[in-house]
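S.K.: model the structure of this input:
(one chain, ligands or ions: 2)
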Amino acid sequence: MANIGIVIPAAGQGKRMRAGCNKQFLVLMGQPILAHTIRVFEESNFVSEIVIVGAEGDISVIKELVYHQGFQKVAAVCKGGVLRQDSVRAGVRALSPAIQRIVVHDGARPLLTLQAFNQFLEETQEYPAAIMGVSIKDTVKRVNLAGNVLETLPREDLRSVQTPQVFDRGILEVAHYQAVSAGYYGTDDASLLEWMGYPVQMVEGMQENIKVTTPEDLWLAERILAMRES
Ligand SMILES: Nc1ccn([C@@H]2O[C@H](COP(=O)(O)OP(=O)(O)OP(=O)(O)O)[C@@H](O)[C@H]2O)c(=O)n1
Ligand SMILES: C[C@](O)(CO)[C@H](O)COP(=O)(O)O
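M.R.: Numbering: from 1, shown residues only. Ligands and ions are numbered 1, 2, ... in the order given. You can find the predicted model right below:
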């Protein structure tokens, strides 16, 4: 289970956060969101290498953050692409050839705990592709463009998907290559394997592992961290 490589896509624009800067630099309990995200992997004994993917204009700031925080496992900070999928593809390319098992984790998910991450690795070690997800709490309906309700979906069959997502390197590379060649884009990496007809295992995640997407998520994340520290 050792020698795992981490790709952290952090090159988004954070449009829904409306912060006017890369949301991953916003401060949460005194530390940038991205620093919280990286720290879990820096501290995991199973991880040997971390690649961070940033927007072109953020690369030097991210390198400074890495230096300032004293992170030792960050092997590269590379330039991302237009869509998340492009950024992950760039990150995978930047990992050294010795890495054969890859975890992808959003830069904007700073609340994953070391314990949950290590447990995820243990539970998924036999699967070439596995992801974290949580049960849906609300009733979920499908609607048309006019807002007419078409159906109520069976909630027990649904999961809200998170990162980390773990993959054998070979299959992740093939999936990214085939998807980009065919012009297929998915909102997570597992969807590329699903598109190829490849099995993906779901394991139970943690409700607290939210993605900081809109301003109220920052408020919530701050409170969750404060609770953990009290
Ligand atoms: N071209 C992109 C788009 C997204 N991401 C990263 O993918 C993660 C999940 O994306 P999301 O939270 O949706 O971030 P943004 O795309 O930045 O958000 P928005 O859609 O509001 O602009 C984030 O860590 C984001 O930085 C990335 O690396 N490259
Ligand atoms: C990968 C992801 O975090 C799983 O929930 C999510 O799909 C990324 O979302 P985005 O907002 O489309 O980048």
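
S.K.: what is the mean pLDDT for stretch 161-169?
M.R.: Averaged across stretch 161-169, the pLDDT comes to 98.

S.K.: buried residues, it. List them.
M.R.: Residues 161, 162, 163, 164, 165, 166, 167, 169 are the ones in stretch 161-169 that count as buried (16 or more other Cβ atoms under 10 Å). For the C-beta atoms, the positions are set from N, CA and C on the backbone; glycine is no exception.

S.K.: residues in contact with that stretch?
M.R.: Residues outside stretch 161-169 that contact it (Cβ atoms under 8 Å, 6 or more residues apart in numbering): 4-5, 92, 95, 99-106, 109, 112, 117, 120-121, 124, 127-134, 175, 188-190, 193, 205, 209, 211.

S.K.: number of residues surrounding the nearest residue to residue 192 once chain neighbours are set aside?
M.R.: Leaving aside its chain neighbours, residue 192 sits nearest to residue 175 (4.0 Å; criterion: Cβ to Cβ, 6 or more residues apart in numbering). Residues within reach of residue 175, counting by other Cβ atoms under 10 Å, total 25.

S.K.: so who does residue 175 touch?
M.R.: Counting by Cβ under 8 Å, 6+ apart, residue 175 makes contact with 167, 189, 192, 193, 195, 196, 198.

S.K.: next, it: phi, psi?
M.R.: Dihedral angles of residue 175 (phi, psi; degrees, to the nearest 10) stand at phi -60, psi -40.

S.K.: gap between the nearest residue to residue 220 once chain neighbours are set aside and ligand 1?
M.R.: The shortest distance from residue 220 to any non-neighbouring residue, by Cβ to Cβ, 6+ apart, is to residue 210 (6.5 Å). Note on residue 210: its distance to ligand 1, by Cβ to the nearest ligand atom, to the nearest Å, is 10 Å.

S.K.: can you list the residues of the protein near ligand 1?
M.R.: Applying Cβ under 6 Å from any ligand atom, we find that the chain lies next to ligand 1 at 9-16, 53, 80-84, 87, 106-108, 211, 213.

S.K.: selection in PyMOL covering whichever of the residues you listed are buried, please.
M.R.: To isolate the buried subset of the residues of the chain next to ligand 1 in PyMOL, counting by 16+ other Cβ under 10 Å, use the following:
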select buried, resi 9+10+11+12+14+53+80+81+83+84+87+106+107+108+213
